[in-house]
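1. heads up, no residue letters with this:
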């Protein structure tokens, strides 16, 4: 990877973890001299195994260390007008006007459909499209919360919760995790005023993911487990939607445990999730899948592949991925992660042709997501630095901007 921001990101994450350079070197098994050179800007690149080891030592996703995905704008307080509009929608101006009830032509069903489409666009990595519509959707949902009809008000709070959750996810993708938490906390407030008992827990899962991005692994695991327990204790795992929410929270907790190097707990949690995932299809059909947590046998297997790569077990990752059939409701974002992890496993094993073949498949099924992932760029850079380039690598390198 060649990245001018790598050293700054590494230093920031190390300080957030309250680690000295020597302590990070001990945790990651990367020499302290390499860490110093990266942080001081005397070394601008590192191979994937080194980056992976540093990310594990810091307890963060590899993509957190690699930096913001390409094509997702980020720039502190000087962001573009669309981002400013989203920020204002999440945090309305102090002493601003109160929301007004919707006009007679307004359709709550249409609003719900537009929010569902927003989630689909998000999973398709069409972030600019989502960023454009978020302020309007938040404003319309807020207007419903002051309707004359109590039924409409309750439905309005549910809609507001889902669109604020979407805004939180988008903020995370733009490396604005503090804004994301503000949006998600307001989403939970709205969810608690709706009639959906699953909605607060769904949003807690998004908060846990955001905590993970901030390196707050214990916090992420704690709230995910607590929310999962509340879903089970409330008897909600006897319906498909409830089981999906419980499963997503359990997998989130497993991810936090794995990044904390508690692999035994992570394995136990994933085993619980896998046992339950098969029940989803046997339960009565739930609501719109675009608006509910992702949980199925496919998603469990994808997460197991990801954890195997993180454990440094590429052979296990490839064995788990072999012959996998993904369910039709598996979002493109999850398919992307699976193929990226398989490509990483091939790279770790020195199988450059296998990595290229997998990346070519990713380009066919999710080209937009591929361009948004710094991990894809990092893998291709590593392959490009090999003395012998496998067939197809140049096309991928040009597609991702690794070479001109």
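-> All right, it came through fine. Here the structure is a predicted model, which means the values were calculated and not measured.
2. make it CA atoms for all contacts and neighbour counts henceforth
-> Noted.
3. for the longest helix along the chain, packing partners?
-> In terms of residue count, the longest helix belonging to the chain (DSSP state H) is helix 150-173. Helices and strands touching helix 150-173, by 3 or more CA pairs under 8 Å, 6 or more residues apart in numbering; DSSP states H and E, are helix 81-90, helix 108-123, helix 127-144, helix 177-191, helix 199-213.
4. let me see the contact set for residue 330.
-> Listed by CA atoms under 8 Å, 6 or more residues apart in numbering, the contact partners of residue 330 are 294, 298-299.
5. those residues into TSV, with extra columns for pLDDT?
-> Putting those into TSV (pLDDT from 0 to 100) gives the following:
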residue	pLDDT
294	85
298	90
299	91
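6. from those, which land in strands?
-> Per DSSP state E, strands hold no members of those.
7. now those residues in CSV, with neighbour count and distance to residue 385?
-> Compiled in CSV, the contacts of residue 330 are given as follows (neighbours: other CA atoms under 10 Å; distance: CA to CA, whole Å):
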residue, neighbour count, distance to residue 385
294, 20, 37
298, 22, 34
299, 25, 33
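8. tell me which of these fall in helices.
-> 298-299.
9. sorry, back to before: among the helices and strands packed on helix 150-173, which is the most enclosed?
-> Highest mean neighbour count among the helices and strands packed on helix 150-173 (mean count of other CA atoms under 10 Å): helix 199-213, with a mean of 25.
10. what count of nearby residues applies to residue 31?
-> 14 (other CA atoms under 10 Å).
11. so for residue 290, which of the helices and strands packed on helix 150-173 sits nearest?
-> helix 108-123 (5.7 Å; CA to CA).
12. check which helices and strands the closest one sits against.
-> helix 127-144, helix 150-173.
13. and those helices: which comes nearest residue 399?
-> Short answer: helix 127-144, nearest of those by CA to CA, at 19.3 Å.
14. give me the contact list for the closest one.
-> 72, 82-83, 85-86, 88-90, 99-102, 111, 114-115, 118, 121-122, 152-153, 155-157, 159-160, 163-164, 167, 170.
15. that one: how far from the chain's middle?
-> Computed by CA atoms, centre = their mean, to the nearest Å, the chain-centroid distance of helix 127-144 equals 20 Å.
16. helix 108-123 and that helix, what's the angle between them?
-> Angle between the axes of helix 127-144 and helix 108-123 is 150 degrees (criterion: axes from the mean of the first three to the mean of the last three CA atoms, to 10 degrees).
17. for residue 45, give the beta-bridge partners.
-> residue 2 (DSSP bridges).
18. if I look at it, how far off is residue 33?
-> 14 Å (CA to CA, to the nearest Å).
19. more neighbours: those two, which one.
-> residue 45 (19 against 12).
20. count the residues that sit near residue 398.
-> Neighbour count for residue 398, taken as other CA under 10 Å: 12.
21. next one, pLDDT for it please.
-> Predicted confidence (pLDDT) for residue 398: 93.
22. what does residue 317 give?
-> 93.
23. worst-scoring helix or strand of this protein, pLDDT-wise?
-> Lowest on mean pLDDT, DSSP states H and E among the helices and strands of the chain sits helix 62-66, with a mean of 77.
24. can you give me the helices for the stretch 251-400 of the chain?
-> 263-277, 297-310, 314-321, 332-348, 352-365, 367-372, 374-384, 393-399 (DSSP state H, counting those that start in this stretch).
25. just checking, what packs against the third one?
-> In this structure, helix 314-321 packs against helix 297-310, helix 332-348, with contacts taken as 3+ CA pairs under 8 Å, 6+ apart.
26. would you list these in CSV and tack on distance to residue 106?
-> Output for the helices and strands packed on helix 314-321, formatted as CSV (distance: least, CA to CA, whole Å):
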stretch, distance to residue 106
helix 297-310, 37
helix 332-348, 32
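27. of all those, which lies closest to residue 14?
-> So among those, helix 297-310 is nearest, using CA to CA, at 19.1 Å.
28. chain center to stretch 30-46: distance?
-> With CA atoms, centre = their mean, you get 28 Å for stretch 30-46.
29. let me redo that: stretch 349-362
-> 23 Å.
30. now the end-to-end length of stretch 344-359.
-> 10 Å.
31. ignore what I typed, I meant stretch 99-112.
-> Termini of stretch 99-112 sit 18 Å apart (CA to CA).
32. minimum distance to residue 334: which of the helices and strands packed on helix 150-173 has it?
-> Closest among the helices and strands packed on helix 150-173, using CA to CA: helix 108-123, at 8.5 Å.
33. between that closest one and helix 150-173, how many degrees?
-> Going by the same axes, to 10 degrees, helix 108-123 makes 10 degrees with helix 150-173.
34. what's in contact with helix 108-123?
-> With CA under 8 Å, 6+ apart as the criterion, helix 108-123 contacts 127, 129-130, 133, 137, 140-141, 156, 159, 162-163, 166, 170, 290-291, 331-333.
35. break the protein into its domains for me.
-> Following automatic domain parsing, one gets these domains for the chain: 1-67, 76-196, 319-404.
36. out of the ones you listed, flag the one nearest residue 254.
-> domain 1-67 (13.2 Å).
37. tell me how far the closest one lies from the chain's centre.
-> The answer for domain 1-67 is 21 Å, by CA atoms, centre = their mean.
38. tally of neighbours for residue 362?
-> Around residue 362 there are 23 residues (other CA under 10 Å).
39. quick one: contacts for it?
-> 336, 339-340, 370.
40. still on that earlier bit, select from the helices of the stretch 251-400 of the chain the stretch with the lowest mean pLDDT.
-> helix 367-372 (a mean of 82).
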